[in-house]
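Chemist: here you go, sequence then predicted model.
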Amino acid sequence: MSQGQGREWQLTCPLASNDIEKLAMGDLVYLSGPVYTARDGVYKHMLIDGNAPPISLQELTNVSLQSSPAGVEVSPGEFEVASLQATAGFRYAQYMPQLLEQFGVKAVVGKAGMSEQVYQEVFQKHGAVCLTTMGYGLGAIYGRAIKKVLGVYWVEELGISEALWTFEVDRLGPLLVEGDIHGNSFFTQVNHDINRQLMALYDGLKAPVYGRIGEEQKPETELF
Amino acid sequence: MSTTSTAISRELIYQVAYETNKRAAIVVPQDGLAAFGEAWERESKPLAHFILGQILENAKLAVADARPMCGDTGLPRYYVKLGNEARIDGGVVALERALRQAVADVTQDIQLRSNRVHPLTRRNPGNNTGVFAPNIDYSFEPGGDWIDIIAVHKGGLFGTDYRMLFPADGTDGIKRFLLDNMAEFARRGLSCPPVVVGVGLGGTKDQAVTLSKEAACLRLIGDRHPDPDVAALEVELRQLANQTGFGVMGVGGDTTALDVHVEIAYTHTGGLPIAISQFCTAYRRSVARVFPSGEVEFREDPQWFTPYYRREGIE
């Protein structure tokens, strides 16, 4: 048992299917091996605009981070990373079918995950999981886990904060299993409990005299 | 007399701006550390307790390794308070140039993420500077011959909202807006709770937003507004924010807000504009005072909201 609630796993990348299958929502994961980053810039450049990645991502690994590190070019062509954190993943749900289908990704590491619907319709089909960074500000802990920057690509095209980074990581974690291969979302479950106490707090507070467009959307619903 | 005071050198301003940015990125301020520690101690949910422990561990490692506490190093910005008698070698133009240069240099040296891009083309200069970047906000203080330089590295995506309420909405409207804001942004921890919530109440719409950000970033956790009515509202709103139960990272927990700070500004008789900003778990701020003698004094309290800054009368 971990110090939190779920079990704790030390896994090697690329992830084996039997490793992925045993992950349940709420478990904690530490990853070792090669991983690569992809967020707005890479998704658009690679998936929408159809540019082939400069290296074979599938051969490298099946773990992709929705992230761009705090890193710089310390000398021409040589990059270092000080700190790492993923960005909010809900806005990338649209890219998941293509990413999982074409690039064989089995673990997406983001921040806060995506909707249960995406897990059920996309992740479940591909036997993939969604992990989330924690804290969310554990940048120094995650930064320490980066043992080597293997390569940085598309810096010219996308800028350094959207480039494709490949890393060798050692015990990158703790990461929380947010979406498991059965289509369950940890946060959806948590929010079910939170909503009960949240809605009770609205009791007795009168509604504003002037509404806003979209206000019929109830506060207990997910906004994505 | 002001005309005889020694000018503060632009080199010193650059050095202090550089150092405050470096510290802001790496070192969690004392009030933040204490508040995270207390939250960790009283947290009843095991997962939330574990995460708060990791946040405290992360704060230690960041300092030990001199690496940014969060991988999203936010948007570096400055709050500058100028003593009325302060003089700057090269004037405020030299000051602004030094402040911009320091952000560019710290970005490279400390390895901040180059977050600032053109909003349409997404072009990235690679040094966290650009059009209107970094933000520089000013306030003034009677009598002083010093300059306060405050570097804040504020997250940039979630937690801020504005709404025009009306006097009939009163405290109910304020509370509802806080709950709405938490439901929107603390859910799944998008705004990275536990946060320090800043509320800007009244003024003009833009003042409400500006004050909410200053309230979130420039007051120590535990500080109360001098107006007893405002102070009472702060305590009430902090309790309400924590009753939501989102907790650290939105996983469910006892502490969602480390504190709530409310700033008020006199407003249109028909309106009650309100804005909320959330200062995330990566609580990043560093404060220094530069004197004409060349002395530099780093301190924890930003002392941004002075009685003069909040003055009600003509003087």
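Modeler: That came through, no problem. The model shown is predicted, which means the values in this text are computed figures rather than measured ones.
Chemist: domains in chain B, as residue ranges please.
Modeler: Chain B is divided into the following domains under automatic domain parsing: B:2-26+B:69-155+B:285-299, B:156-279.
Chemist: deepest in the core, which of these is it.
Modeler: Most buried of those, by mean neighbour count (mean count of other C-beta atoms under 10 Å in any protein chain shown): domain B:156-279, with a mean of 21. For glycine as for every other residue, the C-beta is placed from the backbone atoms N, C-alpha and C.
Chemist: phi, psi for A:A70 please.
Modeler: phi -80, psi 90 (degrees, to the nearest 10).
Chemist: for B:G203, same thing?
Modeler: According to degrees, to the nearest 10, B:G203 has phi 70, psi -150.
Chemist: the spatially most central residue of chain A and chain B: what is the separation?
Modeler: Among the residues of chain A, A:G110 comes closest to the average C-alpha position under C-alpha atoms, centre = their mean, at 1.4 Å. To chain B, A:G110 is 11 Å away according to C-beta to the nearest C-beta, to the nearest Å.
Chemist: beta partners for that residue?
Modeler: Using DSSP bridges, the beta-bridge partners of A:G110 come out as A:T132.
Chemist: tell me where chain B has strands.
Modeler: Under the criterion DSSP state E, chain B contains strands at B:75-83, B:135-141, B:147-154, B:161-165, B:195-202, B:257-265, B:272-279, B:285-290, B:296-299.
Chemist: reformat these into JSON lines and put mean pLDDT next to each item.
Modeler: What follows is these, written out as JSON lines (pLDDT from 0 to 100):
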{"stretch": "strand B:75-83", "mean pLDDT": "98"}
{"stretch": "strand B:135-141", "mean pLDDT": "98"}
{"stretch": "strand B:147-154", "mean pLDDT": "98"}
{"stretch": "strand B:161-165", "mean pLDDT": "97"}
{"stretch": "strand B:195-202", "mean pLDDT": "98"}
{"stretch": "strand B:257-265", "mean pLDDT": "98"}
{"stretch": "strand B:272-279", "mean pLDDT": "98"}
{"stretch": "strand B:285-290", "mean pLDDT": "98"}
{"stretch": "strand B:296-299", "mean pLDDT": "98"}
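Chemist: nearest to chain A, of those?
Modeler: Among the strands of chain B, strand B:161-165 comes nearest to chain A, with 5.9 Å by C-beta to the nearest C-beta.
Chemist: what lines up beside that closest one in the sheet?
Modeler: Its sheet considered, strand B:161-165 pairs with strand B:272-279 (antiparallel) by DSSP bridges.
Chemist: any idea how far the partner strand is from the middle of the chain?
Modeler: Relative to its chain's centre, strand B:272-279 lies at 13 Å (C-alpha atoms, centre = their mean, to the nearest Å).
Chemist: what angle do it and strand B:285-290 make?
Modeler: If you take axes from the mean of the first three to the mean of the last three C-alpha atoms, to 10 degrees, strand B:272-279 sits at 100 degrees to strand B:285-290.
Chemist: now the angle from strand B:272-279 to strand B:257-265?
Modeler: 140 degrees.
Chemist: quick one, helices of chain B?
Modeler: Counting by DSSP state H, the segments of chain B that form helices are B:10-26, B:30-42, B:46-65, B:91-106, B:170-185, B:205-217, B:228-243.
Chemist: can you check chain A too?
Modeler: Going by DSSP H, chain A shows helices at A:17-21, A:40-42, A:57-60, A:96-103, A:116-118, A:124-126, A:139-145, A:155-158, A:186-202.
Chemist: list the helices and strands the strand ranked longest in chain A packs on?
Modeler: Secondary structure of chain A per DSSP E: the longest strand is strand A:164-179. Counting by 3 or more C-beta pairs under 8 Å, 6 or more residues apart in numbering or on different chains; DSSP states H and E, the packing neighbours recorded for strand A:164-179 are strand A:28-37, strand A:78-83, strand A:129-132, helix A:139-145, strand A:146-153, helix A:186-202.
Chemist: 6 Å instead?
Modeler: strand A:28-37, strand A:129-132, helix A:139-145, strand A:146-153 (3 or more C-beta pairs under 6 Å, 6 or more residues apart in numbering or on different chains; DSSP states H and E).
Chemist: if we can go back for a sec, of the helices of chain A, which stretch is the most buried?
Modeler: Counting by mean count of other C-beta under 10 Å, helix A:139-145 has the highest mean neighbour count of these, with a mean of 26.
Chemist: so for that helix, what's the average pLDDT?
Modeler: Mean per-residue pLDDT for helix A:139-145: 97.
Chemist: what helices or strands is it leaning on?
Modeler: Applying 3+ C-beta pairs under 6 Å, 6+ apart, one finds that helix A:139-145 makes contact with strand A:78-83, strand A:164-179, helix B:46-65.
Chemist: give me the contact list for that helix.
Modeler: Helix A:139-145 has contacts (C-beta atoms under 6 Å, 6 or more residues apart in numbering or on different chains) with A:82-85, A:169-172, B:58, B:61-62, B:67-71.
Chemist: in space, what's closest to B:W304 - neighbours in sequence excluded?
Modeler: Among residues not flanking B:W304 along the chain, B:L218 sits closest, at 3.9 Å (C-beta to C-beta, 6 or more residues apart in numbering or on different chains).
Chemist: isn't the one you found right next to B:T306, touching?
Modeler: No. Here B:L218 does not reach B:T306: they are 11.0 Å apart, not a contact under C-beta atoms under 6 Å.
Chemist: ok, residues contacting the helix or strand of chain A with the lowest mean pLDDT?
Modeler: Least confident helix or strand of chain A, by mean pLDDT, DSSP states H and E, is strand A:70-75 with a mean of 92. Here strand A:70-75 makes contact (C-beta under 6 Å, 6+ apart) with A:F79, A:E80, A:V81, A:A82, A:S83, B:P68, B:G71, B:T73, B:Q108, B:Q111, B:L112, B:R113.
Chemist: many thanks, I have nothing further to ask.
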